[in-house]
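Undergrad: Got a predicted model here, sequence first, then my questions.
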Amino acid sequence: MPLTFRSILVFLMVFVTSLTHSQEEKSYQLLCVAFYNLENLFDTINDPSINDEEFLPDGKNSWTGKRYREKLDHLSTVISRIGTDLCPDGPVILGISEVENRKVLEDLVREEGIRSKDYQIVHFDTPDRRGIDVGLLYQPAFFRLLHATSHRLSIPGEPEYRTRDQLVVSGVCEHDTLHFIVGHWPSRSSGEKVTLPYRVAAATLARNIVDSIFAVSSQAKIILMGDLNDNPTDKSVLKVLGTTASKEHATNGILYNPMTQLYKKGIGSLAYRDAWSLFDQMILSASLVHGDLDSYRFYRVKVFNERFLAQPEGEFKGYPYRTYGGGVYMGGYSDHFPVYLYLYKEAR
């Protein structure tokens, strides 16, 4: 059955002046793709195979069913509003991180705010000691899943090291085959310099995945997204992954990172000690920058930092309004803002 586009067909009227100064009216359709770190989306059930004790009713965070349901409601509210200024159906593809298991995703997609989107789930359990995984949600009305795989991050000399896998999802959207890599690279919790080799290893794995896709098709349309725990100008992203902030230089396997310009303008997705970072990124292969107009191309990228998502008052006013702060339940959304981009193509 062919894919049908409902309200996601957003028509931008572009007037192209020809050599005879006549005007040709063209229309384009947009596709929204997003990533969101959900900040510790745990259920309330003890899983003895992981370290989830903090998020139990009798745990450190007093993680009750009421708080869990409130968290689901808040997250669904956010997801329902991402990108709707141009795409009323919101994200067709949503990469996510910090989810405990498939069940929390099943509970999330059943929330009233996004239930009508019929989000389908791609998720693999990963070896992270806290049990937090990455995943991907997609709207089947617009995206036909082809296959999905999970790639393990191994650190030479550290056989006991356990962290999140990197998820690779491929599918077809309106005749275009798209590949999505979702990652949550190792954190800086033990210090930025000490943990840098782990993020370099994650960037190396991501680069190997990209190259394996290019080996099949040098013009593959790839979007790498995730919480990279590094900024666009850091070594792991810029040098190891191989990115550029210039569309012109995005050739021969070099990836285009549109987040760099946002970061240089001081726009971030999370804040710490009065400094903004842009760890949440969306990075594209050159074919999504220079491709033909009859297939999807990059339009623009944004941080979804609406006022309701920010801490309303106090010492951390303006920071992302998180679920917990300093061990105190705040009842917010997440300690990260979502990021999203639009792809466009000429409407047929």
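TA: That came through fine.
Undergrad: For residue 95, what is the enclosing helix or strand?
TA: Residue 95 is part of strand 93-99, with elements assigned from DSSP states H and E.
Undergrad: And residue 302, its phi and psi?
TA: phi -150, psi 160 (degrees, to the nearest 10).
Undergrad: quick one: it and residue 340 touch, right?
TA: Yes: between residue 302 and residue 340 there is a contact under Cβ atoms under 8 Å: 6.0 Å. No exception for glycine: its C-beta is placed from N, CA and C like everyone else's.
Undergrad: The two - which one has more neighbours?
TA: Between residue 302 and residue 340, residue 340 has the larger neighbour count (other Cβ atoms under 10 Å), namely 24 against 19.
Undergrad: Could you give the number of residues near the nearest residue to the more buried one once chain neighbours are set aside?
TA: Of all residues beyond its chain neighbours, the one nearest residue 340 is residue 34 (3.7 Å), with distances taken as Cβ to Cβ, 6 or more residues apart in numbering. By the measure other Cβ under 10 Å, the count of residues near residue 34 is 25.
Undergrad: Each with direction, which strands does the helix or strand hosting residue 34 pair with?
TA: Using DSSP H and E, residue 34 maps to strand 28-41. Using DSSP bridges, the strands paired with strand 28-41 in its sheet are strand 93-99 (parallel), strand 339-346 (antiparallel).
Undergrad: next SSE after the shortest one?
TA: In the C-terminal direction, the helix or strand that comes right after strand 93-99 (DSSP H and E) is helix 102-109.
Undergrad: Restrict the helix or strand just after that following helix to CA atoms and write it as PDB.
TA: Using DSSP H and E, the helix or strand that directly follows helix 102-109 along the chain is strand 120-123. Extracted as PDB, the C-alpha positions of strand 120-123 are listed here (Å, rounded to 0.1, in the frame of the first residue of the first chain):
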ATOM      1  CA  GLN A 120       5.500   2.300  16.300                       C
ATOM      2  CA  ILE A 121       8.600   1.400  18.300                       C
ATOM      3  CA  VAL A 122      12.100   0.300  17.500                       C
ATOM      4  CA  HIS A 123      14.000  -0.700  20.600                       C
END
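Undergrad: Strand 120-123 - contacts with which helices or strands?
TA: helix 102-109, strand 133-138, strand 144-151 (3 or more Cβ pairs under 8 Å, 6 or more residues apart in numbering; DSSP states H and E).
Undergrad: repeat that with 10 Å
TA: Where contact means 3 or more Cβ pairs under 10 Å, 6 or more residues apart in numbering; DSSP states H and E, strand 120-123 is packed against strand 93-99, helix 102-109, strand 133-138, strand 144-151, strand 166-173.
Undergrad: what stretches of the stretch 1-150 of the chain score poorly on pLDDT?
TA: Residue ranges of the stretch 1-150 of the chain with pLDDT under 70: 1-24.
Undergrad: nope, the stretch 151-300 of the chain is what I meant
TA: By pLDDT under 70, the stretch 151-300 of the chain has no low-scoring segment.
Undergrad: any chance you could map the strands in it?
TA: Along the stretch 151-300 of the chain, counting by DSSP state E, counting those that start in this stretch, strands occupy 166-173, 176-184, 221-227, 243-244, 255-256, 270-272, 275-277, 280-284, 297-303.
Undergrad: Can you give the distance of stretch 290-298 from its chain's centre?
TA: In terms of Cα atoms, centre = their mean, to the nearest Å, the centre of stretch 290-298 is found 21 Å from the chain centre.
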